[in-house]
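Asks: Turn this into a structure:
(one chain, ligands or ions: 1)
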Amino acid sequence: MNGLFFHFFYLFVLGNYQESLLYETMEQNFLPKENSKEKYLLFKSDLISEFHSLVSKISDIKSISEKIILNEFGRFLSTKLYEMSRGSIDPSWNYLQFLENIENTIHEALRNSNSSFNPPILKVTRISDNKVVMSYDSPRRLEYLALGIIQGFSRFFKDKYMVSMSKVDTPNSEISLFEISIANTAETTNAKEHSQNE
Ligand code: HEM
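Replies: This is a model prediction of the structure:
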């Protein structure tokens, strides 16, 4: 987990869950102790167990499930990722085309550009004109973060998108599958008209 993600997590927690106990937790983990030569956690990488334990502490303090915290963080992160990647997004793509191109345009470029980046491999299969399935298989087990990123990122495209998640057990790991489809605009329009007539 790259330090950049910790930095965004720090901003997310302080911005969303204001509470003094959380400031203490975050500062113990993110800011250097006085006279300490330790590096800031912020700049260290691959501290996935620390990240999971931070999420768990926040979940206890705020009585919010870890899944919801990760999902909300993913939505927050999607805005940052959009700012980082908008130059690689072809303006003619819809969201499904963007998702099909993440691996070769964005995650792969990150792996090549900076050895400390190790984003997950996201395999995308085209099901129809209106639907893709993305598989997420990472030892970091951040599928609810991935769900939040996928949901949040869709806001930057014109159409409305629906996202659902399911899990598949394999002998060595658990893979998460995300089905992303363009919302049926005809149905949406009919539903709106129907409710206006009531
Ligand atoms: C909607 C599409 C995307 C999904 C579902 C997604 C998912 C994820 C997830 C879940 C992680 C956490 C690491 C892990 O689980 O192994 C991650 C890492 C990362 N992603 Fe993506 N991502 C997406 C698009 C992007 C975009 C557009 C960027 C643009 C720059 C980006 C940049 C990164 C970076 C920098 C990391 C950190 C890698 C590391 O810590 O080593 N991602 N991604």
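
Asks: contacts, neighbours, all on C-alpha from now
Replies: Noted.

Asks: close enough to count as contact, S65 and K57?
Replies: No: S65 is not in contact with K57 according to C-alpha atoms under 8 Å; the separation is 10.5 Å.

Asks: per-residue confidence for L22?
Replies: The score at L22 is 69. That number is its pLDDT.

Asks: The one 10 residues further on now?
Replies: We have a pLDDT of 52 for P32.

Asks: What of K37?
Replies: pLDDT, read off for K37, is 48.

Asks: same check, this time on E103
Replies: pLDDT at E103 comes out at 87.

Asks: Heading C-terminal from the host helix or strand of M162, find the next helix or strand.
Replies: Using DSSP states H and E, M162 maps to strand 161-169. As assigned by DSSP H and E, the chain's next helix or strand after strand 161-169 is strand 174-182.

Asks: Does the ligand have contacts with that next one?
Replies: No: Strand 174-182 is not in contact with the ligand by C-alpha under 6 Å from any ligand atom; minimum separation 8.9 Å.

Asks: Buried by neighbour count: which residues of that strand qualify?
Replies: I175, S176, L177, F178, E179, I180, S181, I182 (16 or more other C-alpha atoms under 10 Å).

Asks: Who are the contact partners of the fifth one?
Replies: Residues counted as contacts of E179 (C-alpha atoms under 8 Å, 6 or more residues apart in numbering) are K131, V132, V133, M134, M162, V163, S164, M165.

Asks: let's see 6 Å
Replies: The neighbourhood of E179, defined by C-alpha atoms under 6 Å, 6 or more residues apart in numbering, consists of V133, V163, S164.

Asks: Return the members of these classed as buried.
Replies: Using 16+ other C-alpha under 10 Å as the burial test, the contacts of E179 include V133, V163 as buried.

Asks: As TSV, the contacts of E179 with pLDDT and distance to Y82 would be great.
Replies: Shown next, in TSV, are the contacts of E179 (pLDDT from 0 to 100; distance: C-alpha to C-alpha, whole Å):
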residue	pLDDT	distance to Y82
V133	98	21
V163	97	18
S164	97	21
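
Asks: looking just at contacts, which helices and strands does the longest helix along the chain meet?
Replies: In the chain, with assignment by DSSP state H, the single longest helix is helix 66-85. For helix 66-85, the contact count by 3 or more C-alpha pairs under 6 Å, 6 or more residues apart in numbering; DSSP states H and E identifies helix 143-153 as packing neighbours.

Asks: Tell me which residues are up against the helix it packs on.
Replies: By C-alpha under 6 Å, 6+ apart, helix 143-153 touches K67, L70, N71, G74, R75, S78.
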